[in-house]
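Novice: Sequence and computational prediction follow.
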Amino acid sequence: MAKIIGRPALPNMPWQDKPQGFDKPVWRYDGNPIIKRDAIPTSNSIFNSAVVVYKDGYAGVFRCDNRGVEMDIFAGFSKDGINWEINHDPIVFEGEKDVTRKEYRYDPRVCFIEDRYYITWCNGYHGPTIGIGYTYDFKTFYQLENAFLPYNRNGVLFPRKIGGKFAMVSRPSDTGHTPFGDIFYSESPDMTYWGKHRFVFGTADGWQSKKVGPGPTPIETDEGWLMIYHGVLNSCNGFVYRFGVALLDIDRPWIVKERGNFYVFGPEEQYELTGDVPNVTFPCATLTDPETGRIAIYYGAADTVTGLAFTTVDELLSYMRKYPMNVGDQENK
């Protein structure tokens, strides 16, 4: 049994057992979607959002597109990780005006490192880039410098320093809908200056042939970093977003130890197949319990609502190893 490390025990995390006779590695919460599109008065959709343990419950940063279809991020709180109260006003960051100027904000991730909660998101700054901020209490937020030049999306921090440096994976992009996408690793001594960029992996045949990008904060295990990532297929009916798993080297995370050839979760239910953008399941956050190996995954469904799914570290690793990819053949097609 693989061990999740570096995380506190979380016995009361959201959980449902795997349904009897179910043969897939990830299963849905039977009350999905947990957050509907109109959960706050102005929202058109609430999806692709990030959740973390906070005090005796949970906090999160949520992508709430308003009815002008303007993209912004909002703080929210929950006692049980399922029923959420989301602030009706977007986050206001403190910081330099050149940095906090707002074009758009979307697809946040939240990661606790050392003494604070870091937020990363796709930030509009003459094109999409990775915004970085932090908070101690999810009430006052501070914005740092953008991590990269445009264009970039899906900046995801590792939950601890690696080799004494902050570490991030991201998906360089362009100004459009990005008909490509690879995952790169970067590191920083101070959350301001980012470098040592390393290619991690790119697209592959089938469900991840158009683009791939980071999902939730990587999960540290005794076998390596377990990374849940999204992959996209350009089908005759448009893009289809699913997610898969890979295992990265614990000290050099740009080295891929193992990677699954099959996706572990994809759109099947009506709320995933139909919405503002159909056929999308997009993972952004996990909760984990190292005592049991349980993992709860928060994901955006059809770019409209938020869903919750469950698995374990052993389910993911076993499925990846049952249907492996040759990691020596991972360059772009």
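Specialist: That came in fine, so what should we check first? Numbers count the residues shown, from 1 in each chain.

Novice: Quick check: Pro11 vs Glu291, distance?
Specialist: 7 Å (CB to CB, to the nearest Å). Placement of C-beta: from N, CA and C, glycine included.

Novice: secondary structure element for the spatially most central residue of the chain?
Specialist: Nearest residue to the geometric centre of the chain (CA atoms, centre = their mean): Cys284, 2.4 Å. In this assignment (DSSP states H and E), Cys284 forms part of strand 281-289.

Novice: For Lys196, give me its contacts.
Specialist: 165, 185-187 (CB atoms under 8 Å, 6 or more residues apart in numbering).

Novice: Would you mark the buried spots in the helix or strand harbouring it?
Specialist: Lys196 belongs to strand 195-201 when elements are defined using DSSP H and E. Residues 200-201 are the ones in strand 195-201 that count as buried (16 or more other CB atoms under 10 Å).

Novice: The very next helix or strand once past it pairs with which strands, parallel or anti?
Specialist: Moving toward the C-terminus from strand 195-201, the next helix or strand (DSSP H and E) is strand 211-214. Here strand 211-214 is paired, per DSSP bridges, with strand 224-235 (antiparallel).

Novice: Which elements pack onto the helix or strand that comes right after the partner strand?
Specialist: Using DSSP H and E, the helix or strand that follows strand 224-235 towards the C-terminus is strand 238-248. Under the contact definition 3 or more CB pairs under 8 Å, 6 or more residues apart in numbering; DSSP states H and E, strand 238-248 sits against strand 224-235, strand 256-259, strand 281-289, helix 313-322.

Novice: Now stretch 203-219: buried residues?
Specialist: 203-204, 207-219.

Novice: before we move on, back to that, direction included, what does the strand holding Cys284 pair up with?
Specialist: Strand 281-289 has its sheet partners listed here by DSSP bridges as strand 294-301 (antiparallel).

Novice: Quick one: mean pLDDT for the partner strand?
Specialist: For strand 294-301, mean pLDDT is 98.

Novice: cool, stretch 63-76 as well?
Specialist: 98.

Novice: Same check on stretch 309-323?
Specialist: 98.

Novice: Likewise for stretch 202-212?
Specialist: Here the average pLDDT along stretch 202-212 is 97.

Novice: I'd like the distance from that stretch to the chain centre, please.
Specialist: Put simply, stretch 202-212 sits 18 Å off its chain's centre (CA atoms, centre = their mean, to the nearest Å).

Novice: which other residues reach that stretch?
Specialist: 171, 178-183, 201, 229-234, 239-240, 242, 244, 261-263, 266, 325, 330-333.

Novice: Tell me how many other residues crowd Pro290.
Specialist: Neighbours of Pro290 under the rule other CB atoms under 10 Å: 18.

Novice: Backbone dihedrals for the residue nearest to it when sequence neighbours are not counted, please?
Specialist: Among residues not flanking Pro290 along the chain, Ile4 sits closest, at 4.1 Å (CB to CB, 6 or more residues apart in numbering). Backbone geometry at Ile4, expressed as degrees, to the nearest 10, gives phi -80, psi 130.
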